[in-house]
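# I would like the atomic coordinates for the input below:
(one chain, ligands or ions: 1)
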Amino acid sequence: MTARLRALDLVHGYPGRWPRSRQGHRALRGINLGIEAGQAVGLVGSSGSGKSTLVRCLLALEKVDSGSVQFNDNPLVPGPVSSLRWYRRFVQYVPQNPAGSLDPRMSVQQLMLEPLRQLRIQGEHRQMIHRALERVELDPGLLGRKPAELSGGQNQRVAIARALVPGPSILLADEPVSGLDLPLRDAVLGLLEKLVRQDGMGLLFVSHDLSAVSRLCSRTVVLESGRIVEEGDTLDMFHTARHPATRELLAAIPQLGTRTGAA
Ligand SMILES: Nc1ncnc2c1ncn2[C@@H]1O[C@H](COP(=O)(O)OP(=O)(O)OP(=O)(O)O)[C@@H](O)[C@H]1O
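Numbering: from 1, shown residues only. You can find the predicted model right below:
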């Protein structure tokens, strides 16, 4: 069965922080979205449009107000680690900032073992770790190092390898290339591209970087104020954007040769 993750009529609100906003804040307002193995879907939108909240809902980290998140037609309910182990084997998360998400006290070896132990995955852990490192082209000689002893790009590869080690079918990546310099960004995009095109991984790629989205994702969804305002084939959409929110995102791409400030 092809792995399939879906959001169905998803509504999520954060509780109000002030007495005068008792109604709270609706971060997602009726989202319908599907991600399948072998497909890369881009999720773009202005800051505060609800992208990270949607990722958290898809990871079953947030309780939804209405609608549901389903994996292979099984509804997900946020709860203790034990109730979601089955799901975390199939759907893994790649964080934006590996420096913040990797425990600085742990070696790469320990960081790689952690998800296998947490998810109670049986088998030859050493082999699984080596295979994951190979997929991200990371030297196994680095297994004894800690995050502070690695470069930013190596840490991002560790974060991706950690997501890969349980053998998931779908990755949810929230701004995985932001903050990386151009060669590293290209290398990480190349890895993700290979995972999708060669290994049949499903990918939800959240990014402000529309050129990265157009390189990786055949389909793109534009979020604005918690709603999907445009979706479709990425290149078609970027050529003939209909919604003002999409046009605004495209207009914000820096053009080569454009100067800012006084001439
Ligand atoms: N814990 C929270 N409590 C209350 N409101 C929140 C919380 N987290 C996010 N929000 C609000 O929900 C909305 C969506 O936030 P979210 O972080 O999902 O947006 P985003 O599109 O990921 O933004 P960015 O691109 O800046 O990361 C925003 O208005 C934000 O202020």
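# Tell me, how many residues neighbour the residue nearest to residue 169 when sequence neighbours are not counted?
The spatially closest residue to residue 169, leaving aside those adjacent along the chain, is residue 3, at 3.5 Å (CB to CB, 6 or more residues apart in numbering). To be clear about C-beta, it is placed using only N, CA and C from the backbone, and glycine gets the same treatment. Using other CB atoms under 10 Å, residue 3 has 18 neighbouring residues.
# In this structure residue 3 contacts residue 167, no?
No. Applying CB atoms under 8 Å as the test, residue 3 and residue 167 come out as separate, 11.2 Å apart.
# any low-confidence regions in the stretch 1-150 of the chain?
16-24 (pLDDT under 70).
# Need the three-state assignment for the residue nearest to residue 93 when sequence neighbours are not counted.
What sits nearest to residue 93 in space, not counting adjacent residues and going by CB to CB, 6+ apart, is residue 172, at 5.2 Å. The three-state label given to residue 172 by DSSP: H, G, I helix; E, B strand; the rest coil is strand.
# which residues pair with residue 172 across the strands?
Judged by DSSP bridges, the bridge partners of residue 172 are residue 93, residue 204.
# Next up, the contacts around it.
Residues in contact with residue 172 (CB atoms under 8 Å, 6 or more residues apart in numbering) are 55, 58-59, 91-94, 203-204, 206.
# Turn those into JSON lines, including neighbour count and distance to the ligand.
Shown next, in JSON lines, are the contacts of residue 172 (neighbours: other CB atoms under 10 Å; distance: CB to the nearest ligand atom, whole Å):
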{"residue": "55", "neighbour count": "19", "distance to the ligand": "8"}
{"residue": "58", "neighbour count": "25", "distance to the ligand": "12"}
{"residue": "59", "neighbour count": "20", "distance to the ligand": "13"}
{"residue": "91", "neighbour count": "25", "distance to the ligand": "18"}
{"residue": "92", "neighbour count": "24", "distance to the ligand": "19"}
{"residue": "93", "neighbour count": "21", "distance to the ligand": "14"}
{"residue": "94", "neighbour count": "24", "distance to the ligand": "15"}
{"residue": "203", "neighbour count": "23", "distance to the ligand": "17"}
{"residue": "204", "neighbour count": "26", "distance to the ligand": "13"}
{"residue": "206", "neighbour count": "24", "distance to the ligand": "7"}
